[in-house]
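A.B. asks: What shape does this take:
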Amino acid sequence: MAKNQTERFRLSMAGEYGVCAELSKRGYDVSITMGNAKAVDVYVFTGNGVRRIEVKTTRSNKLVTGFFQKYFDPSQCHPDYWVLVHIDSQNISHFFILTHQEMGNVQMQRNGKNTWGPNPGGVDNVLLKHIVQFENMWSKIV
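C.D. replies: Model (predicted):
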């Protein structure tokens, strides 16, 4: 694995394990998924069933989501929640928790669109300023 691939892998794993740690501290049973062909990153076992979480991690002010490249139809199978993780220059993790619908709405706003659908203009991403209101909203995971 090339150095930058290794660094990206480690960053992704830090985000996924960080999410698992935060959920465990809150009394949830969690399981991280491994591999390159996984559907979601983390499973959370709640009193209301299993919830699927997609985790995206960055050290910059931009998070690549690839949202509409994969989830262009709101009725297709999708994660229940998205946890976007920003690891700052002091290695402190910040967690932004969004439902799948909220993630779609933020991505549409970022893309300048008002309907769900494929984004032909490249890979979707959001900026930290688009998601600040979702920081530490762990209570929505039920």
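A.B. asks: So which residues of this protein form strands?
C.D. replies: Taking DSSP state E, the strands of the chain run over residues 29-32, 42-46, 49-58, 62-64, 81-87, 93-99, 125-127.
A.B. asks: Any chance of JSON lines for those strands, columns mean neighbour count?
C.D. replies: Placement of C-beta: from N, CA and C, glycine included. Listed next are those as JSON lines, based on neighbours: other CB atoms under 10 Å:
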{"stretch": "strand 29-32", "mean neighbour count": "14"}
{"stretch": "strand 42-46", "mean neighbour count": "18"}
{"stretch": "strand 49-58", "mean neighbour count": "19"}
{"stretch": "strand 62-64", "mean neighbour count": "16"}
{"stretch": "strand 81-87", "mean neighbour count": "23"}
{"stretch": "strand 93-99", "mean neighbour count": "19"}
{"stretch": "strand 125-127", "mean neighbour count": "19"}
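A.B. asks: With Gln133 as the reference, name the closest of the ones you listed.
C.D. replies: Among these, the nearest to Gln133 by CB to CB is strand 93-99 (8.6 Å).
A.B. asks: of the strands of the chain, which approaches Met137 most closely?
C.D. replies: strand 93-99 (4.4 Å).
A.B. asks: quick one on the thing from earlier: dump the strands of the chain to CSV, plus mean pLDDT and distance to Trp116.
C.D. replies: As requested, those are exported to CSV (pLDDT from 0 to 100; distance: least, CB to CB, whole Å):
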stretch, mean pLDDT, distance to Trp116
strand 29-32, 94, 29
strand 42-46, 94, 24
strand 49-58, 95, 16
strand 62-64, 95, 19
strand 81-87, 97, 15
strand 93-99, 97, 14
strand 125-127, 95, 15
